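Engineer: Need a 3D model of the sequence below.
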Amino acid sequence: MKPTLFVLAAGMGSRYGGLKQLDGLGPHGETIMDYSVYDAIRSGFGKVVFVIRKDFEQDFRKKILSKYENHIPVEVVFQSVNDLPEGFSCPEGRTKPWGTNHAVLMGKNVIHEPFAVINADDFYGRDSFEVLAKELSRNHDHEGDYCMVGFRVGNTVSESGTVSRGVCNVVNGFLDTVVERTAIGYDEKGRIVFPDENGEVQELAPNTPVSMNMWGFTPDYFNYSETSFIDFLKRDIDKPKAEFFIPSVVNEMITNGKATVKVLDTTSKWFGVTYSEDRPTVVAKFAELHAKGEYPEKMF
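Structural biologist: Prediction:
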């Protein structure tokens, strides 16, 4: 059974200043998602599922989904702040999405095979899709048999502002812990730093492995996530900025002995558009990749 690619495309794009998922950054108007889908098809994925917000469905179907027809089966699911388990209701005034793992939960009814999770606005590179597809295509004979692609933090920091990354501790090729850090950036000395839980500034070595939300799961992940989300809501539902992150759930499963996560190495280099100031650099990088023949003039 071919694995499915699950693309998280419901983000509000507040820091970027618009719907960056729909921004044409390639030399012929290609979006970052186009490159991800193209690489996924070449790597052996059999289906693509997008999670988006209902309010931009029409634009999304017209500008994005139409081009994939006859190339790979595609489905769409929706994320809403009001999509909560029975017994819970969204606090008045909450507009911030519930986070990446809430978005993953939206795929439960349409994904029944091993699947990869990626962000819509990150360019991961062909090799990362190839190693992930290979790992997901092998036999999985027990629950909690997961994986992730590890990137080096020095290759993932924006020059334009701070970023969020899941900082990883890897032991014998497997993830030991992953902690979501939400304000990683350069200090005045050019070091990569972040504030810890106590507000103390901590430094990260450039080769520190981080999660770029490129995960590989089996469908049992949905069941554990549902239980974990209820616990999250009981604890944090009234915190306007609290989010239910994938790394938090993965870390919880590892700690409880419910999962092992193989960290996959890749030669790919990540880039993305966290801020609008990042856009010219990304446009130039895509032009270079096309000029080198990494991607054809017309992908779809």
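Engineer: Between the two ends of stretch 291-300, what distance do you get?
Structural biologist: End-to-end span of stretch 291-300 (CA to CA, to the nearest Å): 17 Å.
Engineer: gap between it and the chain center?
Structural biologist: Distance, stretch centre to chain centre, for stretch 291-300: 24 Å (CA atoms, centre = their mean, to the nearest Å).
Engineer: Identify the residues contacting it?
Structural biologist: 26, 28, 30, 34, 35, 38, 67, 68, 71, 126, 289, 290 (CB atoms under 8 Å, 6 or more residues apart in numbering). C-betas here are computed from N, CA, C, even on glycine.
Engineer: Okay, and which of those residues map to helices?
Structural biologist: 34, 35, 38, 126, 289, 290 (DSSP state H).
Engineer: Contact partners for the last one?
Structural biologist: So that's residue 290. Contacts of residue 290 (CB under 8 Å, 6+ apart): 26, 27, 296, 297.
Engineer: Then the second one?
Structural biologist: For residue 35, the residues meeting the contact criterion (CB under 8 Å, 6+ apart) are 26, 123, 286, 295, 299.
Engineer: The same query, at a cut-off of 10 Å, please.
Structural biologist: By CB atoms under 10 Å, 6 or more residues apart in numbering, residue 35 lies in contact with 25, 26, 123, 124, 125, 126, 129, 286, 289, 294, 295, 299.
Engineer: ok, of those residues, which come out buried?
Structural biologist: Neighbour-count burial (16 or more other CB atoms under 10 Å) is assigned, among these, to 25, 26, 123, 124, 125, 126, 129, 286, 289, 295, 299.
Engineer: on that earlier part again, let me have the contacts of residue 35 in JSON lines, extended by distance to residue 219 and pLDDT.
Structural biologist: As requested, those are exported to JSON lines (distance: CB to CB, whole Å; pLDDT from 0 to 100):
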{"residue": "25", "distance to residue 219": "33", "pLDDT": "91"}
{"residue": "26", "distance to residue 219": "33", "pLDDT": "93"}
{"residue": "123", "distance to residue 219": "27", "pLDDT": "93"}
{"residue": "124", "distance to residue 219": "22", "pLDDT": "95"}
{"residue": "125", "distance to residue 219": "26", "pLDDT": "92"}
{"residue": "126", "distance to residue 219": "26", "pLDDT": "93"}
{"residue": "129", "distance to residue 219": "20", "pLDDT": "97"}
{"residue": "286", "distance to residue 219": "34", "pLDDT": "95"}
{"residue": "289", "distance to residue 219": "34", "pLDDT": "95"}
{"residue": "294", "distance to residue 219": "33", "pLDDT": "94"}
{"residue": "295", "distance to residue 219": "32", "pLDDT": "96"}
{"residue": "299", "distance to residue 219": "29", "pLDDT": "91"}
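Engineer: which strands and helices sit next to the longest strand seen in the chain?
Structural biologist: If you go by DSSP state E, the chain has its longest strand at strand 174-186. Applying 3 or more CB pairs under 10 Å, 6 or more residues apart in numbering; DSSP states H and E, we find strand 174-186 packed against strand 145-152, strand 163-171, strand 192-195, strand 201-204, strand 209-217, helix 246-255, strand 260-264.
Engineer: by how many degrees do the last one and strand 145-152 diverge?
Structural biologist: The reference is to strand 260-264. 40 degrees (axes from the mean of the first three to the mean of the last three CA atoms, to 10 degrees).
Engineer: so where's this structure shaky on pLDDT?
Structural biologist: 11-21 (pLDDT under 70).
Engineer: 80 instead?
Structural biologist: Residues of the chain that meet the criterion pLDDT under 80 lie in 11-22, 63, 267, 273-275.
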